[in-house]
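Student: coordinates for the following, if possible.
(one chain, ligands or ions: 2)
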Amino acid sequence: MAALLSVTGVSRSFGGVFAVREVSVEVAPGELHGVIGPNGAGKSTLFKLIGGQLRAQGGTITYAGRRIDRLPPHRRARLGIAVVFQGASIFRGMTALENVMVGAHAITRSGFGSGVLRLPRHRREERDIRHRAGKALERVGLADWAGRPAEALPLGQQRAVQVARALCGEPRLLLLDEPAAGLRAAEREALAQLIEELRAGGLTMLKIEHDVAFVTRLADRVTVLDLGRVIAEGTPAEIRADPEVIAAYLGQEVVPR
Ligand SMILES: Nc1ncnc2c1ncn2[C@@H]1O[C@H](COP(=O)(O)OP(=O)(O)OP(=O)(O)O)[C@@H](O)[C@H]1O
Ligand SMILES: [Mg+2]
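Tutor: Ligands and ions are numbered 1, 2, ... in the order given. Just a heads-up that it's a prediction; the model follows:
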């Protein structure tokens, strides 16, 4: 089957130091692809290259059969790529529903803020966005929380609000950068279940994790980065058995919990 996303030989440096160096990743439709690696390995940089927040300095990125590496982030979003960034936080002073609506505004024609003009088209768009945001909250199991202030939610549910925000634009490819970071065991479990459900619904995902046990449990395939390079790629079982991975990563800092 043709890949939904093909990252081929992509590089990016900052001040002459490569954060990502000739990295290639293939993600098949419907796959949950894990990305692991120690701090500073280039994981978040790779996601920004895919999302368009950073420009690749070499290589190509193909999504659904077309080159996207020169498109700005909002064009990629409209093509169906959504990103939940590392450490992203909810907007305080807004309800859970409003937080999710921001995700849809990012990809509509008029954009956030134009709603104040109250033109008929904008009112229709606003209704449509509200409806889609409600559906997205339902998908992550937070329908009952729609009207509550987002900051009143426990951290695990705030994370789910961010996932809903990304889902609001009905993406085909969802990038999750350490979605389980800082969550307690029960919250991680709930998040893992949500991710399983999204996968069962056919969503293709690329997910960065620090916790090796967490990523290898959920992922179909895993790419391991170290110092900006891919040092291994394979099934979770292959990754766990790879001597280079064990030496570079598993043996050191992160012990499966
Ligand atoms: N905007 C930037 N300017 C300068 N250097 C950067 C920038 N973004 C990332 N880097 C550097 O690139 C390297 C890779 O960073 P990146 O954030 O991609 O790593 P990571 O694998 O996501 O790490 P972590 O597990 O800590 O999130 C690091 O050395 C980092 O300091
Ligand atoms: Mg990171």
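Student: contacts only, for the residue nearest to V100 when sequence neighbours are not counted.
Tutor: Nearest residue to V100, sequence neighbours excluded (CB to CB, 6 or more residues apart in numbering): A133, at 4.0 Å. In this view, the C-beta of every residue, glycine as well, is placed from N, C-alpha and C. Residues in contact with A133, defined by CB atoms under 8 Å, 6 or more residues apart in numbering, are L97, V100, M101, G103, A104, A164, C168.
Student: ditto for Q53
Tutor: By CB under 8 Å, 6+ apart, the contact list for Q53 reads P73, V83.
Student: tell me if the residue nearest to V100 really is in a helix.
Tutor: Yes - with DSSP: H, G, I helix; E, B strand; the rest coil as the criterion, A133 is part of a helix.
Student: rewinding a little: okay, the contacts of A133 in a markdown table with neighbour count and pLDDT next?
Tutor: Shown next, in a markdown table, are those (neighbours: other CB atoms under 10 Å; pLDDT from 0 to 100):
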| residue | neighbour count | pLDDT |
| --- | --- | --- |
| L97 | 21 | 97 |
| V100 | 31 | 95 |
| M101 | 24 | 93 |
| G103 | 26 | 75 |
| A104 | 23 | 76 |
| A164 | 28 | 97 |
| C168 | 26 | 92 |
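Student: ok, the residue nearest to V100 to L173 distance?
Tutor: 20 Å (CB to CB, to the nearest Å).
Student: now V245
Tutor: Relative to L173, and taking CB to CB, V245 is found at 25 Å.
Student: any idea of the pLDDT on the residue nearest to V100?
Tutor: Looking at A133, its pLDDT reads 95.
Student: domain ranges for the chain?
Tutor: Segmentation of the chain into domains, based on automatic domain parsing, reads 1-80+171-257, 93-169.
Student: for ligand 1, tell me whether the first one is touching it.
Tutor: Yes - looking at domain 1-80+171-257 against ligand 1 by CB under 6 Å from any ligand atom, the contacts come from F14, A19, G37, N39, G40, A41, G42, K43, S44, T45.
Student: what mean pLDDT would you report for that domain?
Tutor: In this model, domain 1-80+171-257 carries a mean pLDDT of 91.
Student: is ligand 2 within reach of that domain?
Tutor: Yes - Domain 1-80+171-257 reaches ligand 2 (CB under 5 Å from the ion) through K43, S44.
Student: those helices in the protein, which residues are they?
Tutor: 43-51, 73-78, 96-105, 120-139, 155-167, 185-200, 212-218, 236-241, 243-245 (DSSP state H).
Student: other residues contacting the fifth one?
Tutor: Helix 155-167 is touched from outside by 82-84, 88-90, 96, 99-100, 102-103, 133, 136-137, 139-142, 145, 150-151, 153, 174, 176, 179-180, 182-184, 186-188, 190-191, 194, 198, with contacts defined as CB under 8 Å, 6+ apart.
Student: next, the angle from that helix to helix 96-105.
Tutor: Angle between the axes of helix 155-167 and helix 96-105 is 30 degrees (criterion: axes from the mean of the first three to the mean of the last three CA atoms, to 10 degrees).
Student: so which bits of helix 155-167 are buried?
Tutor: Neighbour counts over helix 155-167 (16 or more other CB atoms under 10 Å) mark G156, Q157, Q158, R159, A160, V161, Q162, V163, A164, R165, A166, L167 as buried.
Student: again, but for the last one
Tutor: When neighbours are counted by 16+ other CB under 10 Å, the buried residues of helix 243-245 are found to be V245.
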